[in-house]
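S.K.: The sequence and its predicted three-dimensional model are supplied below.
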Amino acid sequence: MKTVKMKDSNNLLEETEKMKAVNIKGPENLVVEELSIPDISSQEVLIKMNVCGICHSDYELISGQYIIPFEYPITPGHEWAGEIVKVGSGVDEFKVGDRVTGECVIGCGTCSVCQSGNFSYCPNSDHFGFTLNGGDAEYLVARPEWLHLLPEQVDDKTGALIEPFSVGYYAINVHGGIDAGDWTVILGGGPIGLCTLAAAKGMGSKTILVEPIQFRRDIGEKLGADITIDPLSEDVLQKVKDVTNGLGADLVVEASGNKEALKSTFDLAKNNGNISFTGINIGQEITVELGKIQIKGLNIKGTVGSPYVWGRVVSFLQNNPIDLSPIVTHEMQLEDAEKAFKMANTSKDCIKLHLINK
């Protein structure tokens, strides 16, 4: 790609150029190609991607099994931070040079689901990086209503973690939040579980991370977990009861999608406690004692995405500078994305891999 130079105050690009981009051309067919830098409309902006994370759901695109319909070819990438290099004539909210990140679920805004305030569940929604070309490219197109300005206290690498962090934050926020008087149990030490742990600690809660892999428990401890438990060798329920005076956790966040972890949530929560299901498990049947929901008066919420909390999350990270860097275990250049996608899917010591476009 040619060196980008200032053309005018609304456009950093001198001329139409080529860019490197990840392109999923069909099932199990991911390549890095040179594509034309996309045009923008008067209501859009063009952004230079600086950092973009690889997510487990990207592999659903590669396999052809994503949860909503999509079409190939598609550029993945929905966990990103970048800098605006071109602004459409109708855009007033942002300017060239602004550092931004963006939401990835885009509701239609007009259906009854969106109007009720739940656009994550919009039946007509677009998903950035899934049904719209995403951030695994040198340049990406976005509309200003998706975007959030990154304050100087939030660097690009943290900015690229806002999407998974917001998912964990939202799983807590739907129950009204937590504080230092609460115990939060997080089931699963993957990116979402660890982000949930960081959010819970940032809110002041005491935390328990349940995760069978020692390496991930170690990362949890770096993020401030008060207790970590190996469910393969320890009695999770007994340990939770021991530290909660026999009552159970105020909040349980299931972030693994693991069958046994899902089954345990009703027991781990205290009477009138809260449970958020954010780990995805589709297609399996799980036998549970549903009567416990009534007997214990449990408050249960299934969550997808993080609607209406992104602005709060950016302010939260600005004013409560949590170090999320332990979650990012690997970094590779965008041009090496083919190798990066293979490694992130197979390496046992990879939690979050960031693609860098520098």
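M.R.: Cool, got the structure.

S.K.: Make sure residue 339 is actually in contact with residue 345.
M.R.: No - the pair residue 339 / residue 345 is not scored as a contact, 11.2 Å apart, by C-beta atoms under 8 Å. (Each C-beta comes from the backbone N, C-alpha and C, glycine too.)

S.K.: This protein - how does it break down into domains?
M.R.: Domain segmentation of the chain under automatic domain parsing yields 18-161+324-356, 168-302.

S.K.: where does residue 154 fall, helix, sheet strand or coil?
M.R.: coil (DSSP: H, G, I helix; E, B strand; the rest coil).

S.K.: The domains of the chain: which one's closest to residue 314?
M.R.: When these are compared by C-beta to C-beta, domain 18-161+324-356 sits nearest residue 314, at 5.2 Å.

S.K.: if we can go back for a sec, would you turn the domains of the chain into JSON lines with distance to residue 316 and mean neighbour count?
M.R.: Below are these laid out as JSON lines (distance: least, C-beta to C-beta, whole Å; neighbours: other C-beta atoms under 10 Å):
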{"stretch": "domain 18-161+324-356", "distance to residue 316": "10", "mean neighbour count": "19"}
{"stretch": "domain 168-302", "distance to residue 316": "7", "mean neighbour count": "19"}
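
S.K.: Next, the contact list for residue 121, please.
M.R.: 113, 304 (C-beta atoms under 8 Å, 6 or more residues apart in numbering).

S.K.: For it, grab phi and psi.
M.R.: phi -110, psi 10 (degrees, to the nearest 10).

S.K.: Using CSV, write out every CA atom in stretch 126-133.
M.R.: Extracted C-alpha coordinates of stretch 126-133, given in CSV (Å, rounded to 0.1, in the frame of the first residue of the first chain):
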residue,chain,number,x,y,z
ASP,A,126,-26.7,-6.6,10.5
HIS,A,127,-23.6,-7.9,12.2
PHE,A,128,-20.4,-5.9,11.5
GLY,A,129,-17.7,-8.4,10.5
PHE,A,130,-20.3,-11.1,9.7
THR,A,131,-22.9,-9.7,7.3
LEU,A,132,-21.0,-6.5,6.7
ASN,A,133,-17.2,-6.4,5.9
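
S.K.: Good, wrapping up.
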